[in-house]
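Colleague: Sequence first, then the predicted structure, then my questions.
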Amino acid sequence: MTRAKDNGVAIGGGEGRIPAERIRQRAYELWERNHCPPGLEMRFWLLAEQQLRAEVTPEPAEGEVA
């Protein structure tokens with residue numbers, strides 16, 4: 001997996017912004033845990049972004065509308 005240069009870009013808007021470097025680190029960890037399959041870099045990037053966004057965004061309380 002190639003490493004992208006982090007130019008300080010944060011993904012998302014408002015309070016839910018996730019630094020690209022954090023996404024890259026998570027994607028790399030996921031890629032390694034899955035035995036480094038070639039050609040799936042984007043899939044792991046998107047999975048990492050989804051996981052990190054879920055960690056930042058609280059789920060609505062029961063009965064609360066999102």
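Modeller: Yes, it's here.

Colleague: Name the residues that touch the helix or strand of the chain with the lowest mean pLDDT?
Modeller: Ranked by mean pLDDT, DSSP states H and E, the helix or strand of the chain with the weakest confidence is strand 10-11, at a mean of 73. By CB atoms under 8 Å, 6 or more residues apart in numbering, the residues outside strand 10-11 that reach it are R17, I18, P19, A20, I23, E49. C-betas here are computed from N, CA, C, even on glycine.

Colleague: so what does the helix or strand just after that strand touch, helix or strand wise?
Modeller: Helices and strands here follow DSSP states H and E; after strand 10-11, the next one along the chain is strand 18-19. Helices and strands touching strand 18-19, by 3 or more CB pairs under 8 Å, 6 or more residues apart in numbering; DSSP states H and E, are strand 10-11, helix 41-56.

Colleague: Sheet partners, orientation included, of strand 18-19?
Modeller: Paired neighbours of strand 18-19 in the sheet (DSSP bridges): strand 10-11 (antiparallel).
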